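S.K.: Just a sequence and a predicted model for now, questions to come.
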Amino acid sequence: KPSSLLWNLIDNVILVAEGRVIYEGPRYDMESFFAFNSSPTPKRVSQVEHYLSVVSKLSKKKKDERSVEEWAASFKQWQEEADEDEGDMLADDIETCFPAAITTVEIRRSSQQKSKFLKKMWVMIELIKRYILQLFLNPGLLWVRFVMYSMLSLMIGLLFLGLGNKTSTTSIFSRSSVLFYSVSFFIFMVVAVLPFRVHDKAVAKKEVFNSYYHPLAHYVASTMASLLGVLILSFVVTVIMVPMAKFHAPFKFFLDMLLSLNCAEALAQMVTLLVSNYIVGIVALAGLFGFFMLLMGFMLVPSEFPVWLRWAYNVPFHTYTWRSFMYIEFSGPENVFESEEFPTGMDVLRAYEIDNVNYGRDMGVLVAYSVIIHMICVTIIIVNRKRLRRMDDVVD
C-alpha cells in the first residue's frame, strides 16, 4: 500500500475487486463515495488503509455483507447522483479529505459534459488508434507475417523469374500451380494471428465487463486495424512477386489478394469469438482452410466432383480468388502458347472450367463474403452480451 505522503500525491484512483470497478475517479472524492455507502473512514484511521481493507474483505464476504456486484452498482448510482447534483461531490467533512489544502472545488455539471454520442465516437476513435498502434508494435500481428510474406514472395519471384513471359506447356502448369500456392499459403498464414486475437479478447472482455465500451466498438476498431494490416501485406506481395514473375495486371492482382486476405481475417475474428483457447482456434481455422483448398477447383475441376458435393465448389472464398487470378493471367489475347494441348490462354481456362469467369463479379462476391462473416460476428457478439446480461440478472 502507498504511504500517507505518497497517497496525498495521487490524483486519481481505481479500486478493483474480482474484476469489478468499485471506485474510479479523483482521490479527494473517495471519502464521499465511502460515506455514501455507509463506510466512512473511522477516526484516527488512515484513509488508504480503510479503503484497501474494505476492498480486501470483499473476496472474503460473509452472508450479511455487501457483494462486489452491489458495490459496483452503488458506484454507478453514486456517479449518477453526483452528475445530477448542483453542488460539489466532496464529503461533508472536507477537512478530513484535505487537511490544509483546497477550500472549494468546481465540479462539472452534467450540461457541460459531452453527449453520449460524442463520447461513443471518442471511445471508438481511441480504440482505433489503440489497435493501429498495437498492429505496428506487436510483432505477431503484422511484422512476423510481413517478413514471411516478403521472403516467400521473393522466393517465388526468384524461382519463377519471368514465368509470365514463357509459352511452354510446362510454364502453363507452373503458373497455375504458383497461383494456387499464392492463394493457399498466404491465406493460411492468417492462423498466425489467432494467439494474439484470443489474448486481446480476454483483455477486451474485462474492459467491456467494466463498461468502458460496448463490445461492438472493440470489434469495429480491431476490424479496421486488421484491414490496414491486410492492405500492407497485399501490397508487399504484389510489389515483390508480380514484377519478378511477370504476372499480368498488378492492380487486379493486388485487389484480389486484398479482398481474399480480408475474408481470411474476418474468419479469424469469427473463430476467435467462438473459442476460448487459441490452440483450438488454430486447429479449427487451419482445418477450415484445408477444406477450402480441396474445393477451390484446382486439384479437381467442378464437373468431376461427386454429384452430391458439387454445391461445395461455390462455398470457399478461395474459389473466387484463385479463378480470378487465373482469369487475369490467361484471358488476354496475348496469351498464345507453344502447346498443342493449350494453344491459347482461353484453352487453359476451359480446361479448369473457368472460362466464363467475370472478374468484377468475383470481387463483389469476396466483398459480400467478408460482409456476411462480419454480420455473423456481430450476431455472436450481441447474443453473447444478452446471455451475460441475463446471467447478471439471475445473480442479482
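M.R.: Noted; the coordinates are in hand. No experiment lies behind these values; they were computed from the predicted model shown.
S.K.: use CA for all of it now, contacts and neighbours both
M.R.: Noted.
S.K.: secondary structure class for Leu300?
M.R.: State at Leu300, reduced to three classes by DSSP: H, G, I helix; E, B strand; the rest coil: coil.
S.K.: and the residue nearest to it when sequence neighbours are not counted, how many neighbours?
M.R.: Closest residue in space to Leu300, ignoring its immediate chain neighbours: Leu294 at 7.9 Å, by C-alpha to C-alpha, 6 or more residues apart in numbering. Each residue near Leu294 was counted by other C-alpha atoms under 10 Å, and the total is 15.
S.K.: could you dump the helix or strand hosting Tyr327 to PDB, C-alpha only?
M.R.: Here Tyr327 sits within helix 317-330, counting by DSSP states H and E. The C-alpha coordinates for helix 317-330 follow below in PDB (Å, rounded to 0.1, in the frame of the first residue of the first chain):
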ATOM      1  CA  PHE A 317     -13.800 -17.800 -51.000                       C
ATOM      2  CA  HIS A 318     -10.600 -19.500 -52.300                       C
ATOM      3  CA  THR A 319     -12.600 -20.500 -55.300                       C
ATOM      4  CA  TYR A 320     -13.300 -16.900 -56.400                       C
ATOM      5  CA  THR A 321      -9.700 -15.700 -55.500                       C
ATOM      6  CA  TRP A 322      -7.900 -18.400 -57.500                       C
ATOM      7  CA  ARG A 323     -10.100 -18.400 -60.600                       C
ATOM      8  CA  SER A 324      -9.800 -14.600 -60.700                       C
ATOM      9  CA  PHE A 325      -6.000 -14.900 -60.600                       C
ATOM     10  CA  MET A 326      -6.200 -17.500 -63.300                       C
ATOM     11  CA  TYR A 327      -8.500 -15.300 -65.400                       C
ATOM     12  CA  ILE A 328      -6.200 -12.300 -65.000                       C
ATOM     13  CA  GLU A 329      -3.200 -14.400 -66.300                       C
ATOM     14  CA  PHE A 330      -4.800 -16.400 -69.100                       C
END
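S.K.: Give me the distance from the next helix or strand after that helix to the chain's centre.
M.R.: Where DSSP H and E defines the elements, the next helix or strand beyond helix 317-330 is helix 345-351. Remark: helix 345-351 is offset 40 Å from the chain centroid, using C-alpha atoms, centre = their mean, to the nearest Å.
S.K.: Buried ones in helix 345-351, by neighbour count?
M.R.: In terms of neighbour count (16 or more other C-alpha atoms under 10 Å), helix 345-351 has its buried residues at 345-349.
S.K.: what's downstream of that helix, the next helix or strand?
M.R.: Counting by DSSP H and E, the next helix or strand C-terminal to helix 345-351 is helix 359-395.
S.K.: which stretches of the protein aren't confidently modelled?
M.R.: 1, 4-5, 58-65, 82-115, 391-396 (pLDDT under 70).
S.K.: repeat that with 80
M.R.: Residue ranges of the chain with pLDDT under 80: 1-9, 18-20, 28, 43-45, 54-69, 79-120, 210-211, 388-396.
S.K.: tell me the centre residue of it?
M.R.: Ser222 (3.5 Å; C-alpha atoms, centre = their mean).
S.K.: Would you quantify the distance from that one to Leu388?
M.R.: For Ser222, the distance to Leu388 equals 22 Å [C-alpha to C-alpha, to the nearest Å].
S.K.: circling back to that earlier point, of all the buried residues of helix 345-351, which comes closest to Ser324?
M.R.: Nearest to Ser324, judged by C-alpha to C-alpha, of the buried residues of helix 345-351 is Leu349 at 10.6 Å.
S.K.: now that closest one, nearest residue through space, not along the chain?
M.R.: Excluding the flanking residues, the one nearest Leu349 by C-alpha to C-alpha, 6+ apart is Asp355, at 4.7 Å.
S.K.: Show the contacting residues for the one you found.
M.R.: Asp355 makes contact with 327, 331, 346, 349 under the criterion C-alpha atoms under 8 Å, 6 or more residues apart in numbering.
S.K.: Pick out whichever of those residues sits closest to Gly157.
M.R.: Proximity of the contacts of Asp355 to Gly157 (C-alpha to C-alpha) peaks at Tyr327, which lies at 19.9 Å.
S.K.: Looks like that closest one contacts Arg350 (just checking).
M.R.: No - counting by C-alpha atoms under 8 Å, Tyr327 does not reach Arg350; the two are 10.5 Å apart.
S.K.: quick one: Leu141 is in a strand?
M.R.: No - if the criterion is three-state DSSP, then Leu141 is coil and not within a strand.
S.K.: I figured it hits Tyr131, correct?
M.R.: No - contact criterion C-alpha under 8 Å: Leu141 and Tyr131 do not qualify, at 10.2 Å.
S.K.: joint contacts of the two?
M.R.: Residues touching both Leu141 and Tyr131 (C-alpha under 8 Å, 6+ apart): none.
S.K.: What count of nearby residues applies to Met155?
M.R.: 15.
S.K.: Doesn't it belong to a helix?
M.R.: Yes - counting by three-state DSSP, Met155 is located in a helix.
S.K.: mind checking how far it is from Ala245?
M.R.: In this view, Met155 and Ala245 are 10 Å apart by C-alpha to C-alpha.
S.K.: Helix, strand, or coil at Glu24?
M.R.: With three-state DSSP as the basis, Glu24 sits in strand.
S.K.: what's around it, how many residues?
M.R.: Glu24 has 16 neighbouring residues, counting by other C-alpha under 10 Å.
S.K.: now the strands: where do they sit in the chain?
M.R.: 12-17, 20-26 (DSSP state E).
S.K.: what angle sits between the last one and strand 12-17?
M.R.: What it means is strand 20-26. Strand 20-26 and strand 12-17 are oriented at 170 degrees to each other (axes from the mean of the first three to the mean of the last three C-alpha atoms, to 10 degrees).
S.K.: elements contacting strand 20-26?
M.R.: For strand 20-26, the elements it packs on are strand 12-17, helix 68-84, judged by 3 or more C-alpha pairs under 8 Å, 6 or more residues apart in numbering; DSSP states H and E.
S.K.: Run me through the strand neighbours of the first one, direction for each.
M.R.: Put plainly, it is strand 12-17. Here strand 12-17 has these sheet partners by DSSP bridges: strand 20-26 (antiparallel).
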